[in-house]
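Student: sequence unknown, structure follows:
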């Protein structure tokens, strides 16, 4: 099965039309139609209806496999390309809330151990980091999420290893009515205004339906998100380490622009897990070892 034809099929299915797919791929519409026809001829079944454009039952089945197949092809290309990659290259991808002092210390140690290390860090949402690691675009991926204490992160790729675990808190501004509670249930907060930050703290990944977004933040800067919380624009679920406890005496002048107040969220923890690309060695393998060591 030709990966180029498969990629065109996925793009048409996602875009919903041949013309929109042609714009994304920078092909002509006739070229897209010819590639879909070639893929259908190869498989011997129609994959898409034309007017309107929609997946056939066979197309739906192929789409279930398509992303995995394309990721595997990309991963194979990246693994083969590592033969000619300079030994000091290191590419790390991480979600904003997976960054920590431990990660910074491990990267600093790798730098002292490696001569002429060339490193790059990609900060993006969880789906992007998972896909980039599976495709071999990055060497190490660090992703995070909020789950029950005994649960791993629900990732599409197997093989993730736990790196860190922290408490989960509902972050509120100082003086908020919730600040006096010892803990909260997310189900009790469906009437509150939340900040939906898809790349940092997405509401769609929380284990509660019906939370209302009063503001959407589309960046990856955690400092901006916490600043929005402190200014009263809405609530967000954050790791305990990014907030202050209302039970500890603090100087409000010192903390006013640094960290929101955190109220423990019952039944949830914040987990960070590590993914590695196939065939990594050198600084990337050493970094993975440092981060997963107990």
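Tutor: Sure thing, it's come through. Bear in mind the structure is a predicted one, so any value in this text is a computation, not a measurement. Numbering: from 1, shown residues only.
Student: quick one, phi psi at residue 98?
Tutor: For residue 98, the backbone dihedrals are phi -90, psi -10 (criterion: degrees, to the nearest 10).
Student: That one contacts residue 140, doesn't it?
Tutor: No: with contact defined as CB atoms under 8 Å, residue 98 does not count as touching residue 140 (10.8 Å). The C-beta positions use only the backbone N, C-alpha and C, and glycine is treated the same way.
Student: Counting by contacts, list what the strand ranked longest in the chain packs against.
Tutor: When the chain is parsed with DSSP state E, its longest strand is strand 261-276. On a contact count with 3 or more CB pairs under 8 Å, 6 or more residues apart in numbering; DSSP states H and E, strand 261-276 meets helix 126-134, strand 140-147, strand 161-172, strand 236-239, helix 282-292.
Student: rerun that using 6 Å as the cut-off
Tutor: Applying 3 or more CB pairs under 6 Å, 6 or more residues apart in numbering; DSSP states H and E, one finds that strand 261-276 contacts strand 140-147, strand 161-172.
Student: Need the winner for burial among these.
Tutor: Neighbour counts (mean count of other CB atoms under 10 Å) averaged over each of the helices and strands packed on strand 261-276 peak at strand 140-147, with a mean of 25.
Student: what residues does that one touch?
Tutor: Residues from elsewhere that reach strand 140-147 (CB atoms under 6 Å, 6 or more residues apart in numbering): 92-95, 97-98, 126, 129, 133, 153, 168, 237, 268, 270-276, 284, 287-288.
Student: Find me the pLDDT at the residue nearest the centre of the chain, would you?
Tutor: Closest to where the C-alpha atoms of the chain average out (CA atoms, centre = their mean) is residue 126, at 0.4 Å. On the pLDDT scale, residue 126 is placed at 94.
Student: quick one: it and residue 95 touch, right?
Tutor: Yes: taking contacts as CB atoms under 6 Å, residue 126 lies within contact range of residue 95: 5.2 Å.
Student: I'd like the distance between the residue nearest to the centre of the chain and residue 259.
Tutor: Applying CB to CB, to the nearest Å, the value for residue 126 to residue 259 is 23 Å.
Student: same thing with residue 30?
Tutor: For residue 30, the distance to residue 259 (CB to CB) stands at 57 Å.
Student: which of the two has more neighbours?
Tutor: residue 259 (20 against 10; other CB atoms under 10 Å).
Student: what residues are up against residue 180?
Tutor: Residue 180 neighbours (CB under 6 Å, 6+ apart): none.
Student: same thing with the one 5 residues further on?
Tutor: Contact criterion CB under 6 Å, 6+ apart gives residue 266 as the residues in contact with residue 185.
Student: quick one on the thing from earlier: mind putting the helices and strands packed on strand 261-276 in a markdown table, mean pLDDT and distance to residue 49 included?
Tutor: As requested, those are exported to a markdown table (pLDDT from 0 to 100; distance: least, CB to CB, whole Å):
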| stretch | mean pLDDT | distance to residue 49 |
| --- | --- | --- |
| strand 140-147 | 95 | 37 |
| strand 161-172 | 94 | 44 |
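Student: For residue 41, which of those strands is the nearest?
Tutor: Residue 41 lies closest to strand 140-147 among the helices and strands packed on strand 261-276, at 37.4 Å (CB to CB).
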